[in-house]
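Chemist: model the following, please.
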Amino acid sequence: MAKRDILTPSLAIAGTVLMWLPILAPFFFSIALLARAHVFRLDYLMPAELFPMVLAGGFALLWAAIRARSRRKIIGWAFGIAVGMLLGGQLIAVLTGLASSEAEPSGWQWALVVASLAVYSLSIVAMGVGGLLLVRDLFKQPTLPLQGR
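Modeler: Here you go, the predicted structure:
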């Protein structure tokens, strides 16, 4: 680990929290609605709607990973895949007419857009796991070798 100041752990913690909120929020809201109205509704589009949070958290995690020289691959690849899948899914929706309601939400176009949202959500989870591992690495106490044994 290179940088052991307060900035790197702060970035890692903030980025990890910002990564997990868009994934966990739909479940918390669904459970609250289920408890209150006895209806289960899961907003699977919420992680995409909270993309600015994912973007900020992704940059914070990537910056912390670069400073710490740890977990750069998982965070970097997952961040790139998340951005690519969200923008690619939106581009497919626009080009096929799904975004403007010219086409019905069915068929291969709809499946492709939903699949891109699923891969986007999975890459956010991968970034969140990478963030948790990075935080663990940053707060791990170095072990001292046994002396005299």
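Chemist: please make it C-alpha for all contacts and neighbour counts, starting now.
Modeler: Fine.
Chemist: burial measure for residue 117, as a count.
Modeler: Number of residues near residue 117 (other C-alpha atoms under 10 Å) recorded here: 23.
Chemist: was I right about it contacting residue 88?
Modeler: No - using C-alpha atoms under 8 Å, residue 117 makes no contact with residue 88, being 9.5 Å away.
Chemist: give the contact list for residue 82.
Modeler: 119-121, 123-124 (C-alpha atoms under 8 Å, 6 or more residues apart in numbering).
Chemist: just give me the closest of these to residue 80.
Modeler: Of all the contacts of residue 82, residue 123 has the smallest distance to residue 80: 8.8 Å, by C-alpha to C-alpha.
Chemist: list the contacts of that closest one.
Modeler: 78-79, 81-82.
Chemist: which strand or helix spans it?
Modeler: Element membership of residue 123, judged by DSSP states H and E, is helix 107-139.
Chemist: list the buried residues of that helix.
Modeler: For helix 107-139, burial by neighbour count (16 or more other C-alpha atoms under 10 Å) applies to 109-110, 112-114, 116-135, 137-138.
Chemist: using TSV, lay out the contacts of residue 123 together with pLDDT and distance to residue 58.
Modeler: Listed next are the contacts of residue 123 as TSV, based on pLDDT from 0 to 100; distance: C-alpha to C-alpha, whole Å:
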residue	pLDDT	distance to residue 58
78	96	9
79	96	6
81	96	11
82	96	9
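Chemist: which residue lies nearest the spatial centre of the chain?
Modeler: residue 124 (2.1 Å; C-alpha atoms, centre = their mean).
Chemist: quick one, grab the pLDDT at the closest residue to residue 42 other than its chain neighbours.
Modeler: Closest residue to residue 42 apart from its sequence neighbours, by C-alpha to C-alpha, 6 or more residues apart in numbering: residue 30 at 5.5 Å. Listed pLDDT for residue 30 reads 91.
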